[in-house]
Structure formats: structure tokens, C-alpha cells
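Undergrad: Next input, structure requested:
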Amino acid sequence: MEDRPKKRIFIGLLVFTCLILFALIFLLWYVPLVGLTNIHPFLPYAFTSVLAVLVFLMVSGGLLLVFTILRGKDILFTHKLRGVVAKILFPFMILMGRLVGVSKERVQQSFIELNNHLVRSNQHRTRPNRLLVLLPHCIQNFDCQIKITGNVKNCKGCGKCEIKDLIELTDQYQVKIAVATGGTLARRIIVENRPEAIVAVACELDLTSGIQDSYPIPVIGILNERPNGPCINTKVDIEKVKEAILDFVERRSSPS
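TA: Numbers count the residues shown, from 1 in each chain. Below is the predicted model:
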């Protein structure tokens, strides 16, 4: 499947990062050890203990991440692990990607796919009225004169873009829908709606920053399609949005 290579990129970069951090930790341990002994005989033991804890956290966190991906189910602390990936590991992965020639866009795609996997493995369920489908403004037809950022239901349903289909989908499952022109408005929409979960559609940059900013709210990110280039008349796979909605909403609540 397409998502597996994306996740492998992140896991490969994670292993590479851990090896580099191990090397740095070893240097930190080996180089100052003699000097610390001269200061106080207890200091080397304290310093070694701190480094040992760091190594343990790195190994256990990495293994937990890999096992969660392999099993496809929540093991332990998956929601916390998602926070570590979003807030700490992802910036490292961008740097590591540059070092080994992996583009920032591919690392972002890998991060989004990995985040989605962790969210789904946690099997988070929410009430339909507490689920928000958040869309980028560029999905609306560029020539459309109707303003939908304040209220997406202003859409006249002409069918020239996918807003009409997305409104019908969210009405079908009775979930909220909103359109944002950028990160600032997206954050305001989230604060005003206070969702328990989010299905977000956007480009790599906006999705990765949105997932990071929204934590601990679980977000399933869906990359938009850009047949006309970025930021104009973009599209999204409606089936992927539907699947993401059903990942959050109890299936017994879905219409027959």
C-alpha cells in the first residue's frame, strides 16, 4: 500500500536519528568522565545515570512506536507517543531528512501517515456533533463569488467544486464542517468549536503544522490533490474523508 513506504521513511529516519543521538550520548559520557571524577567521585555515576535514562527512553519509545505500527493497535500510551512524535521527533526528522537527501515534503507526508496510524490505532471515538471536518479555502472554485469561510452552508451547490459533496457528506453523518483560509483562522475555528476530534484536509505544510498545534486533539490528516498546482482549485478524495469520519464516529451512529 502507498502509506507503507511513507511510514518506512519516518521509521528509517527515526533509526538514523537514534544512532546519531547514541553516538552523541557516548561522547558526552566518555569525554567528560575523567574531568568529572576530578571534581567529585560521585559525579560520573550521576552523569551516567542521566544518560542511561535518556538511552532507555529513546529505545523504549522507538520500539513502542514500531510495535504500534506493526500491530495496528494501541499498545501503551499511544496518545502520549503521538505527542512525542509531533512535538519532538518531527523537527529532528526534517533535519535528518536533509542530511540523507530526503525532501521535506516526503518527511511531512510520512509524518502525516504515521500520525494517522497512531490516531487510528488508539480507536478514539467521539460524538458526531463533536467531530469537525476542517477544509482549506483552496478547495472552493477559484472563480466562485460566494464567501464560505464564515459559514460553509452559504455554498449554493453548483457542483463546480467538491464543497457541495463535502457538505452533503457531513450532513449525512451530522458532523461539523468549516473552511479556513490559513493556520490562524483554523486555530480560531478549533477554539470556537472545541471538537473532540478533527478530520483535516490540506497540503503537507498546513497539515503537519495543524497536527502539531492541535495536539492533544486527535487529527486524521488527508492530503489534498493539486491538479492545478498549489492553493488553487484543489480537490480531495471524498471516500477518504468518509473513512476518516467513520474512524471517529461509532458505526452504529452512521446511517444505514
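Undergrad: Extract the C-alpha set from stretch 138-156 and format it as PDB.
TA: Below are the C-alpha coordinates for stretch 138-156, written out as PDB (Å, rounded to 0.1, in the frame of the first residue of the first chain):
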ATOM      1  CA  CYS A 138      -8.500  26.400  -2.000                       C
ATOM      2  CA  ILE A 139     -10.900  23.500  -2.400                       C
ATOM      3  CA  GLN A 140     -13.600  26.100  -3.300                       C
ATOM      4  CA  ASN A 141     -13.700  27.000  -7.000                       C
ATOM      5  CA  PHE A 142     -11.400  30.000  -7.500                       C
ATOM      6  CA  ASP A 143     -13.900  32.000  -9.600                       C
ATOM      7  CA  CYS A 144     -16.700  31.500  -7.100                       C
ATOM      8  CA  GLN A 145     -18.000  34.700  -5.600                       C
ATOM      9  CA  ILE A 146     -19.700  33.100  -2.600                       C
ATOM     10  CA  LYS A 147     -18.000  33.600   0.800                       C
ATOM     11  CA  ILE A 148     -18.000  30.300   2.700                       C
ATOM     12  CA  THR A 149     -15.200  30.900   5.200                       C
ATOM     13  CA  GLY A 150     -17.700  32.400   7.700                       C
ATOM     14  CA  ASN A 151     -20.400  29.800   7.000                       C
ATOM     15  CA  VAL A 152     -19.800  26.900   4.600                       C
ATOM     16  CA  LYS A 153     -23.500  26.400   4.200                       C
ATOM     17  CA  ASN A 154     -23.500  29.600   2.100                       C
ATOM     18  CA  CYS A 155     -22.500  27.300  -0.700                       C
ATOM     19  CA  LYS A 156     -25.100  27.300  -3.500                       C
END
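Undergrad: in it, what's buried?
TA: 138-141, 148-149, 152, 155 (16 or more other C-beta atoms under 10 Å). For glycine as for every other residue, the C-beta is placed from the backbone atoms N, C-alpha and C.
Undergrad: and what of stretch 91-101?
TA: Quick answer for stretch 91-101 (16+ other C-beta under 10 Å): 92-94, 96-97.
Undergrad: Of these, which belong to helices?
TA: 92-94, 96-97 (DSSP state H).
Undergrad: how about those residues in JSON lines, adding pLDDT and distance to Ser110?
TA: Listed next are these as JSON lines, based on pLDDT from 0 to 100; distance: C-beta to C-beta, whole Å:
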{"residue": "Phe92", "pLDDT": "78", "distance to Ser110": "13"}
{"residue": "Met93", "pLDDT": "80", "distance to Ser110": "8"}
{"residue": "Ile94", "pLDDT": "85", "distance to Ser110": "11"}
{"residue": "Met96", "pLDDT": "84", "distance to Ser110": "11"}
{"residue": "Gly97", "pLDDT": "87", "distance to Ser110": "9"}
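Undergrad: Distance to Arg226 added to those residues, as CSV?
TA: Below are those laid out as CSV (distance: C-beta to C-beta, whole Å):
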residue, distance to Arg226
Phe92, 28
Met93, 23
Ile94, 21
Met96, 26
Gly97, 21
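Undergrad: Out of those residues, which is nearest to Asn233?
TA: If you rank those by distance to Asn233 using C-beta to C-beta, Ile94 comes first, at 28.8 Å.
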